[in-house]
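>>> Need a 3D model of the following:
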Amino acid sequence: MNEGELPSKQEENIMARTRTVPWDAAEHLETEEDMAIYLEAALEENDPTLVAAALEDIARAKGKTLPAG
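Prediction:
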């Protein structure tokens, strides 16, 4: 399907049957190395919002929370 194009009936059926589940990166950050690689990937994107989200995920993985703001 191209941008601006409506989905076909087959695509609509597939989308209607697709189930999603919540995914939390913090649950998959098990080691310090995992966390470092994850943060490096976020930093490479040059997106402050993404870096902040990665830091929050890392804090949650360590059982901590970051201050709001």
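>>> which residue of the protein sits farthest from its center?
The C-alpha centroid of the chain is most remote from Lys9, which lies 29.4 Å away (Cα atoms, centre = their mean).
>>> roughly how far apart are it and Glu32?
49 Å (Cβ to Cβ, to the nearest Å). Any C-beta I mention is one placed from the backbone N, CA and C, and that applies to glycine too.
>>> again, but for Pro48
Counting by Cβ to Cβ, the gap from Pro48 to Glu32 is 23 Å.
>>> okay, now Ile58: neighbour count?
21 (other Cβ atoms under 10 Å).
>>> so who does it touch?
Residues in contact with Ile58, defined by Cβ atoms under 8 Å, 6 or more residues apart in numbering, are Ala26, Leu29, Met35, Tyr38, Leu39.
>>> quick one: what helix or strand has it in it?
Ile58 belongs to helix 48-61 when assigned by DSSP states H and E.
>>> From the contacts of Ile58, keep the buried residues only.
Leu29, Met35, Tyr38, Leu39 (16 or more other Cβ atoms under 10 Å).
>>> From Glu11, how far out is the second one?
When distance is defined by Cβ to Cβ, Met35 is 38 Å away from Glu11.
>>> mind checking pLDDT for the most centrally placed residue in the chain?
Taking Cα atoms, centre = their mean as the criterion, Ala25 is the residue nearest the geometric centre of the chain, at 6.3 Å. We have a pLDDT of 96 for Ala25.
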